[in-house]
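Asks: Task: produce atomic coordinates for the following.
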Amino acid sequence: MKFRLSNVVAIIAISLAAFSADAREYASFGPISARNQNPVYIQNLTLIARRAEVLPEGTMELRIDSAYSNLFEKSQNANASENLDMELWRLGINMDYGLTRDLEVGIEIPLIETWGGFLDGFVQKFHKLFGFPNAGRELVPNNEFHYRMDAGGGTLFDYPSSTPFGLGDITLRVKNRLTGEDSDWPALSWFGEIKLPTGSKSHGLSSGSPDFGVGLALDTSWKRLHGYVNVGYYVNGGNSAFESYMRNQAFEFMVAGELTLLPTWSMIVQLQGGTPLLTGTGLDSWDGVPMDLVVGFRGKERDLFGEWGDLIWQAGFAEDITSKGPSVDFTAYMSLGVRFDLFSRNKAAGDWLASTLQSTR
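Replies: From the prediction side, this is the model:
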């Protein structure tokens, strides 16, 4: 079975059969909350996929996002050499709150671990099964750890050993809904983010500088099909260790299609990428375009915890589109969380039209 990008684009295009006048008949759950898991990109603020709808006023969401990645990037030329061979586990502890009817605020506290891992053999078999490129993995021993970059006659960084769980850079975020989805309009929001340099730069968990980002999110639905689009503009404070090999701004995007399979869960196909954050080496694995295909499932079990609220979950995996860019080879996603109403208003998230009518009574 060979991977065909055209098939993925077709699936997403169908799911984004966008601005239909039909009212929503099936629940939507949103895109997979994925981001680029490259260990250098992870030091900086990048787009995490999200829906445009905000939490209802007074609603709290507590969620843990787990992303476990296997990475192999080994290349060199006359100017530079890169050797990133590791597995990386990123846990994002998230808290979001519906401050008003159209305003949501949140925080993410990431914990990051790097080590040699155990998935190299599995990933090679996975690549062979689906016809994905292997990028020379078969030429080196499995489950080694390397985290080194050399360029311009010097070493940009070299972390000789794995890092146990450590604090990454905390992100503060806000999302403001401009329009909610009803029979005539899609949901549209703008969002803003700031990353604080709280992680350890000496262990490769932080760039050591604050980053900023703004963007737009759009949701639309037609019966069982739901579509999501994110676009974001990010400005980073740079990293003094390799500032000559890093851009200070990037544009990123996400487009996803969701198919509701049952009232409580759905399937998502998602394409996510952006402009290169890194530059100046002539190595595709450093200077190239990041691009990931994400496939997964999301769902919600209402009132599973009684008055404590709803269980929310997601599971999926990501694969880099080619073996040339900085996107990691394989990432497995898993999230669990709870969503509850602090004031017992029991309004469904995303029910913009109902909340609008209620406020005018």
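Asks: What ranges does the stretch 1-150 of the chain have for its strands?
Replies: Counting by DSSP state E, counting those that start in this stretch, the stretch 1-150 of the chain has these strands, from start to end: 59-76, 80-100, 103-115, 146-151.
Asks: now those as JSON lines including mean neighbour count?
Replies: Glycine gets a C-beta too; all of them are placed from N, C-alpha and C. Converted to JSON lines, the strands of the stretch 1-150 of the chain look like this (neighbours: other Cβ atoms under 10 Å):
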{"stretch": "strand 59-76", "mean neighbour count": "20"}
{"stretch": "strand 80-100", "mean neighbour count": "20"}
{"stretch": "strand 103-115", "mean neighbour count": "20"}
{"stretch": "strand 146-151", "mean neighbour count": "20"}
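Asks: To residue 339, which of the ones you listed lies closest?
Replies: Closest of those to residue 339 is strand 59-76, at 4.6 Å (criterion: Cβ to Cβ).
Asks: Just checking: what are the partner strands of that closest one?
Replies: Each strand paired with strand 59-76, and its direction, by DSSP bridges: strand 80-100 (antiparallel), strand 330-341 (antiparallel).
Asks: remind me which residues of the stretch 101-250 of the chain are low pLDDT?
Replies: Counting by pLDDT under 70, the stretch 101-250 of the chain contains low-confidence ranges at 117-143, 183.
Asks: thinking again about what came up before, of the strands of the stretch 1-150 of the chain, which approaches residue 164 most closely?
Replies: Checking the strands of the stretch 1-150 of the chain against residue 164 by Cβ to Cβ gives strand 103-115 as the closest, at 6.0 Å.
Asks: thinking again about what came up before, indicate which one of the strands of the stretch 1-150 of the chain is closest to residue 342.
Replies: Nearest to residue 342, of all the strands of the stretch 1-150 of the chain, is strand 59-76, at 5.8 Å by Cβ to Cβ.
Asks: Which parts of the stretch 251-361 of the chain are strands?
Replies: Secondary structure of the stretch 251-361 of the chain (DSSP E, counting those that start in this stretch): strands at 265-274, 291-301, 310-320, 330-341.
Asks: Turn the strands paired with strand 59-76 into CSV, columns for mean pLDDT.
Replies: Listed next are the strands paired with strand 59-76 as CSV, based on pLDDT from 0 to 100:
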stretch, mean pLDDT
strand 80-100, 94
strand 330-341, 93
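Asks: want to throw those into a markdown table with distance to residue 34?
Replies: What follows is the strands paired with strand 59-76, written out as a markdown table (distance: least, Cβ to Cβ, whole Å):
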| stretch | distance to residue 34 |
| --- | --- |
| strand 80-100 | 11 |
| strand 330-341 | 6 |
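Asks: Quick one: closest of the strands of the stretch 251-361 of the chain to residue 30.
Replies: Judged by Cβ to Cβ, the one of these that comes nearest to residue 30 is strand 291-301, at 6.4 Å.
Asks: what kind of secondary structure is the closest residue in space to residue 249 that isn't next to it in sequence in?
Replies: Computed as Cβ to Cβ, 6 or more residues apart in numbering, the closest residue to residue 249 that is not its neighbour in sequence is residue 235, at 5.1 Å. The assignment at residue 235 comes out as strand when based on DSSP: H, G, I helix; E, B strand; the rest coil.
Asks: I figured residue 235 hits residue 248, correct?
Replies: Yes - contact criterion Cβ atoms under 8 Å: residue 235 and residue 248 qualify, at 6.3 Å.
Asks: Mean neighbour count and distance to residue 172 for the strands of the stretch 251-361 of the chain - can I get that in JSON lines?
Replies: Below are these laid out as JSON lines (neighbours: other Cβ atoms under 10 Å; distance: least, Cβ to Cβ, whole Å):
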{"stretch": "strand 265-274", "mean neighbour count": "21", "distance to residue 172": "21"}
{"stretch": "strand 291-301", "mean neighbour count": "19", "distance to residue 172": "24"}
{"stretch": "strand 310-320", "mean neighbour count": "21", "distance to residue 172": "21"}
{"stretch": "strand 330-341", "mean neighbour count": "18", "distance to residue 172": "19"}
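Asks: Looking at the ones you listed, which is nearest to residue 161?
Replies: Evaluated over the strands of the stretch 251-361 of the chain, closeness to residue 161 peaks at strand 330-341, with 22.6 Å, by Cβ to Cβ.
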